[in-house]
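Undergrad: 3D, please:
(one chain, ligands or ions: 2)
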Amino acid sequence: MSSSTSDRRLSELWSCVTLDEARSLIDSTSSPLSLQNFVGGQYIAPHDSLTSSSQHITSFEPKTGRPIYTLPCTEPHAVEAAIKAAKAAFPSWSKTARAERSAILRKVSELLQQNREVFAIWESIDQGKTLDRARVEVDRAISNFSYFSTFILHEQTAARMVDGVALTYEHRSPAGVFALISPWNMPLYLLTWKIAPCLAFGCTAVAKPSEVTSMTAFLLGDIFQKAGVPPGVINIIFGDGATTGAALVASPLINGVSFTGGTQTGIAIRRLTAHQIGKHLSLELGGKNPTLVFADSMVPSVRERTIRVAAMAAFENQGEICLCGSRIYVEKSVYNDFVRDFTAYVREKYVLKQTVGAVASLQHCDKIRRYLELAAEQKATFHLGGAPPTLNEDEAQGYWIEPTILTDVAKNSAIQIDEIFGPVVTITPFDNEQEAIQLANDSEYGLAAILLTTDGARMRRVGEQLEAGLVWVNCWLVRELGTPFGGMKNSGTGREGGEHSRDVFTVVRTLHLPAY
Ligand SMILES: NC(=O)c1ccc[n+]([C@@H]2O[C@H](COP(=O)([O-])OP(=O)(O)OC[C@H]3O[C@@H](n4cnc5c(N)ncnc54)[C@H](O)[C@@H]3O)[C@@H](O)[C@H]2O)c1
Ligand SMILES: O=C/C=C/C=C(\O)C(=O)O
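TA: Ligands and ions are numbered 1, 2, ... in the order given. Below is the predicted model of the structure:
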C-alpha cells in the first residue's frame with residue numbers, strides 16, 4: 001500500500017523546480033526524507049516487514065556535505081520478497097503483446113520528459129554534478145525508454161532452409177527475472193539503460209541503484225506507477241552492495257544480472273554466481289582510458305577541436321564517467337604546445353566558469369586526494385590543481401577537487417595504472433605511432449579510447465589495434481543506442497545496446513522443422 005507519508009513526500013519532491021527550492025525543502029523538513037522501496041507497484045512503508053531494516057544509510061549532498069536523506073539497507077529476506085514480486089509478474093508481462101509493452105514504455109519516457117527539470121535538480125543535488133550535466137543525462141534516460149519502446153516493434157527473426165532438409169528459426173523468449181545494479185556516477189542514465197531494455201524484451205526486474213545516489217530511482221517508482229507498468233514488473237530496492245546487492249545477485253530466483261560498476265565488484269558478482277552457469281551476466285566495469293594526440297591534430301585548423309575533445313573527455317562530470325580519457329599521450333613534437341594550450345583551456349572552461357561539480361562522496365574525495373598526495377610525493381608536475389587540493393572557502397564542507405593536470409608521472413606509478421575516476425589527468429609524450437599504441441594498450445582495462453588525428457589511414461590503422469570496446473575518433477561520448485557498448489579485458493564482459501541488449505535479456509532456442 002502506498003503510504004500517505006510517501007505520497008506527501010513525493011509531492012513535495014515533485015514540486016521543486018529550482019535547486020534553491022529543493023535545498024529549502026531539505027532544510028525545512030523536521031524529519032529527514034527517508035526513501036522507501038518500491039515493490040509490487042507500491043512504495044513500502046518503513047515499518048512494513050518487507051523492508052524491516054535495522055540499518056539505514058545516510059546520503060549527503062556532495063556540494064555541501066550536508067545530509068539529504070536516508071535509505072533502507074534492504075536485508076536479504078526483503079530482497080527475496082522483491083524478487084518474488086518480480087517472479088510473480090513475469091508470466092503475464094512476458095506474454096504481454098509487444099505493442100502494449102511498447103506503449104507503456106513510451107508513456108514512461110513521456111512522463112520523464114514532463115518532469116525533466118525535477119529529475120535534473122535532484123540528480124544534481126544528489127550526485128554533485130552540474131545542473132547542465134544532469135539535464136543531459138535525464139535526456140538520455142528519456143531516450144533509453146523511447147529507443148527500446150520502438151526497437152521491439154521492429155524486431156524480426158530470420159528463418160533458414162538447411163539443404164532442403166529442415167527449416168530452422170530462432171525463437172527468443174524473455175530470460176526471466178533480472179537484477180539490475182548501477183553505480184553512482186550517472187545514476188538515472190545508467191539505471192534506465194538497464195530497466196528500459198529489460199522491460200521492453202519482456203523480463204521483470206529488481207533494480208538497485210547505488211547507495212550513494214538513490215534519489216532519482218526513488219522518483220522513478222512514481223513514474224512507473226503513473227505510466228501503468230503492472231505491479232511487480234519493476235521493483236526498486238535500496239541498500240549497499242554487501243547486504244542488498246550480494247543477496248540480489250546470488251538469489252537462485254534471479255535469471256540474469258546486468259551490472260555496471262567497479263571491476264572488483266564485477267569479480268565478486270562472478271564469484272557469487274559461478275555455480276549458476278545459466279545465469280546471464282552482463283558486466284560493464286571500470287576503465288583507465290587513453291587519449292592519443294597525434295601531431296597532425298594540433299595544426300591550427302583543428303587545434304581548438306583537439307583541445308576541446310581531450311578536455312571534455314577528461315573533465316566532463318568531474319571525470320566521473322567510466323569512458324573518460326584520463327591518460328593523455330601526446331606526440332613529442334607537439335607535447336609542449338599541447339600541455340600549454342590544454343592547461344589554458346581547462347583553466348578557462350572548467351575552473352573559471354565552474355563547470356565541474358563536486359565529486360560524489362567524502363569517501364571518493366579522500367581516495368582522489370590520496371592519489372594527489374602520491375603525485376606530490378613522486379614529484380609530478382602540477383599544471384593545474386594541487387596536493388592536497390585547496391578547498392573552496394564557500395563550500396568548505398563539500399567534496400571539491402580542482403581539475404588537476406599532471407605531467408612527469410612514471411609509467412609504473414599507481415596514478416597511471418589505477419582508475420582514479422575523478423578530475424585528474426596525466427599527460428605523457430610518445431615518439432611514434434607504435435609506441436602510442438603500446439602505451440594505450442598497456443592497461444588491465446579496455447573500455448574506451450580516444451584518437452585525435454586528421455590522418456584518415458591512421459584512424460583505421462591505429463583505431464583497429466586499440467584494445468578498447470569503444471574507440472572515438474576526434475569526438476567523445478557520441479552514442480547511438482544500437483551500437484555494442486561494453487569493454488575488453490578487465491573492463492567487462494558482454495555488450496549492451498539494441499540487439500546486444502536483446503541477447504542479454506532473452507534466451508534463444510533454435511527450432512528445426514522437417515521440410516516435408
Ligand atoms: N563500464 C561502464 O559502463 C561503467 C559505467 C559507470 C561506472 N563504471 C564503473 O563504476 C565504478 C564506480 O562506481 P561505484 O563505486 O558505484 O562501483 P561499485 O562497484 O562500488 O558499485 C556499483 C554498484 O554495485 C553494488 N555492489 C557493490 N558490491 C556488490 C556486491 N558484492 N554484489 C552486488 N552488488 C554490489 C553497489 O551497491 C552499487 O549499486 C568505476 O569503477 C567505474 O568505472 C563503469
Ligand atoms: O560511466 C559510464 C558510462 C556509461 C555509459 C553508457 O552505458 C552508455 O552511454 O550507454
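
Undergrad: Enumerate the residues of the stretch 101-250 of the chain near ligand 1.
TA: Residues of the stretch 101-250 of the chain lying close to ligand 1 by CB under 6 Å from any ligand atom are 181-185, 190, 208, 210-211, 240-241, 245-246, 249. Quick note: C-beta positions are derived from backbone N, CA and C, even for glycine.

Undergrad: now, which of those sits nearest Ala89?
TA: Looking at these and their distance to Ala89, the nearest is Lys208, at 17.2 Å (CB to CB).

Undergrad: Make JSON lines out of the residues of the stretch 101-250 of the chain next to ligand 1 and add pLDDT, secondary structure and distance to Ser109.
TA: Shown next, in JSON lines, are these (pLDDT from 0 to 100; DSSP: H, G, I helix; E, B strand; the rest coil; distance: CB to CB, whole Å):
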{"residue": "Ile181", "pLDDT": "99", "secondary structure": "strand", "distance to Ser109": "22"}
{"residue": "Ser182", "pLDDT": "98", "secondary structure": "coil", "distance to Ser109": "18"}
{"residue": "Pro183", "pLDDT": "98", "secondary structure": "coil", "distance to Ser109": "23"}
{"residue": "Trp184", "pLDDT": "98", "secondary structure": "coil", "distance to Ser109": "23"}
{"residue": "Asn185", "pLDDT": "98", "secondary structure": "coil", "distance to Ser109": "22"}
{"residue": "Leu190", "pLDDT": "98", "secondary structure": "helix", "distance to Ser109": "16"}
{"residue": "Lys208", "pLDDT": "98", "secondary structure": "strand", "distance to Ser109": "22"}
{"residue": "Ser210", "pLDDT": "98", "secondary structure": "coil", "distance to Ser109": "23"}
{"residue": "Glu211", "pLDDT": "98", "secondary structure": "coil", "distance to Ser109": "27"}
{"residue": "Asp240", "pLDDT": "98", "secondary structure": "coil", "distance to Ser109": "30"}
{"residue": "Gly241", "pLDDT": "98", "secondary structure": "helix", "distance to Ser109": "29"}
{"residue": "Gly245", "pLDDT": "98", "secondary structure": "helix", "distance to Ser109": "27"}
{"residue": "Ala246", "pLDDT": "98", "secondary structure": "helix", "distance to Ser109": "32"}
{"residue": "Val249", "pLDDT": "98", "secondary structure": "helix", "distance to Ser109": "28"}
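
Undergrad: can you pick the most crowded of the residues you listed?
TA: Lys208 (30 neighbours; other CB atoms under 10 Å).

Undergrad: just checking, that one touches Val249?
TA: No: between Lys208 and Val249 there is no contact under CB atoms under 8 Å: 9.3 Å.

Undergrad: what residues are shared contacts of these two?
TA: Counting by CB atoms under 8 Å, 6 or more residues apart in numbering, the contacts common to Lys208 and Val249 are Ala179, Ile181.

Undergrad: before we move on, the earlier item: which one of the residues of the stretch 101-250 of the chain next to ligand 1 is nearest His512?
TA: The nearest one, if we look at those relative to His512 and count by CB to CB, is Val249, at 34.8 Å.

Undergrad: which ones are touching that closest one?
TA: Ala179, Ile181, Val257, Phe259, Ile269, Leu272, Thr273 are the contacts of Val249 under CB under 8 Å, 6+ apart.

Undergrad: how does it look with 7 Å?
TA: Neighbouring residues of Val249 by CB atoms under 7 Å, 6 or more residues apart in numbering: Ala179, Val257, Ile269, Leu272, Thr273.

Undergrad: same thing with Leu447?
TA: Contacts of Leu447 (CB under 7 Å, 6+ apart): Gly287, Asn289, Cys322, Leu323, Ala468, Gly469, Leu470, Gly487, Ser491.

Undergrad: Filter the residues you listed down to the ones in strands?
TA: The strands, defined by DSSP state E, take in Asn289, Leu470 from the contacts of Leu447.

Undergrad: Taking the residues of the stretch 101-250 of the chain next to ligand 1, tell me the two that lie furthest apart.
TA: Across those (CB to CB), the longest gap, 20.9 Å, separates Asn185 and Ala246.

Undergrad: The closest residue to Leu112 other than its chain neighbours and ligand 1, how far apart?
TA: Nearest residue to Leu112, sequence neighbours excluded (CB to CB, 6 or more residues apart in numbering): Ile142, at 4.8 Å. The gap separating Ile142 from ligand 1 is 19 Å, by CB to the nearest ligand atom, to the nearest Å.

Undergrad: same deal with Leu447?
TA: Distance from Leu447 to ligand 1, by CB to the nearest ligand atom: 6 Å.

Undergrad: just for the protein, where's the confidence low?
TA: For the chain, the stretches flagged by pLDDT under 70 are 1-5, 47, 49-53, 389-396.

Undergrad: Burial check on the residue in the stretch 301-450 of the chain that ligand 2 sits nearest to, number of neighbours?
TA: Here the stretch 301-450 of the chain gets closest to ligand 2 at one residue, Cys322, 3.5 Å apart by CB to the nearest ligand atom. Residues lying near Cys322 (other CB under 10 Å) number 25.

Undergrad: so how far is Val229 from it?
TA: Distance, Cys322 to Val229, by CB to CB, to the nearest Å: 28 Å.

Undergrad: quick one: buried residues of stretch 240-260?
TA: The neighbour-count check on stretch 240-260 (16 or more other CB atoms under 10 Å) flags 240-241, 243-251, 254-260 as buried.

Undergrad: Then stretch 68-79?
TA: For stretch 68-79, by 16+ other CB under 10 Å, it's Ile68, Tyr69, Thr70, Leu71, Pro72, Cys73, Thr74, Glu75, Ala78, Val79.

Undergrad: Quick check: residues of the stretch 51-200 of the chain near ligand 2?
TA: Checking the stretch 51-200 of the chain against ligand 2 by CB under 6 Å from any ligand atom, the hits are Asn185, Met186, Leu190, Trp193.

Undergrad: Among the residues you listed, which one sits closest to Thr18?
TA: Met186 (22.2 Å).

Undergrad: contacting residues for the closest one?
TA: Glu137, Ile321.

Undergrad: and if you look at the one 5 residues further on?
TA: Counting by CB under 7 Å, 6+ apart, Leu191 touches Leu180, Ser182, Ala207, Pro209, Ala217.

Undergrad: any idea how far the last one is from ligand 1?
TA: Between Ala217 and ligand 1 the distance is 10 Å, computed by CB to the nearest ligand atom.

Undergrad: Just give the number of residues close to that residue.
TA: 25.

Undergrad: Would you agree it is in contact with Ile236?
TA: Yes: at 5.3 Å, Ala217 counts as touching Ile236 under the criterion of CB atoms under 7 Å.

Undergrad: Common neighbours of those two, please.
TA: Ala207.

Undergrad: re the thing from before, would you list the contacts of Leu191 in TSV and tack on secondary structure?
TA: Output for these, formatted as TSV (DSSP: H, G, I helix; E, B strand; the rest coil):
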residue	secondary structure
Leu180	strand
Ser182	coil
Ala207	strand
Pro209	coil
Ala217	helix
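
Undergrad: Report the two of those residues separated the most.
TA: Every pair of the contacts of Leu191 checked by CB to CB; the farthest is Leu180 and Ala217, at 10.2 Å.

Undergrad: shared neighbours, these two?
TA: Leu191, Ala207.

Undergrad: My reading is that Ile254 lies in a helix. Confirm?
TA: No: per three-state DSSP, Ile254 lies outside any helix segment and is coil.

Undergrad: Distance check, Ala247 against Ala82.
TA: Ala247 sits 10 Å away from Ala82, going by CB to CB.

Undergrad: next one: Gly487
TA: The gap separating Gly487 from Ala82 is 29 Å, by CB to CB.

Undergrad: contacting residues for the residue nearest to Leu112?
TA: Counting by CB under 7 Å, 6+ apart, the residues that Ile142 touches are Ser109, Leu112, Gln113.
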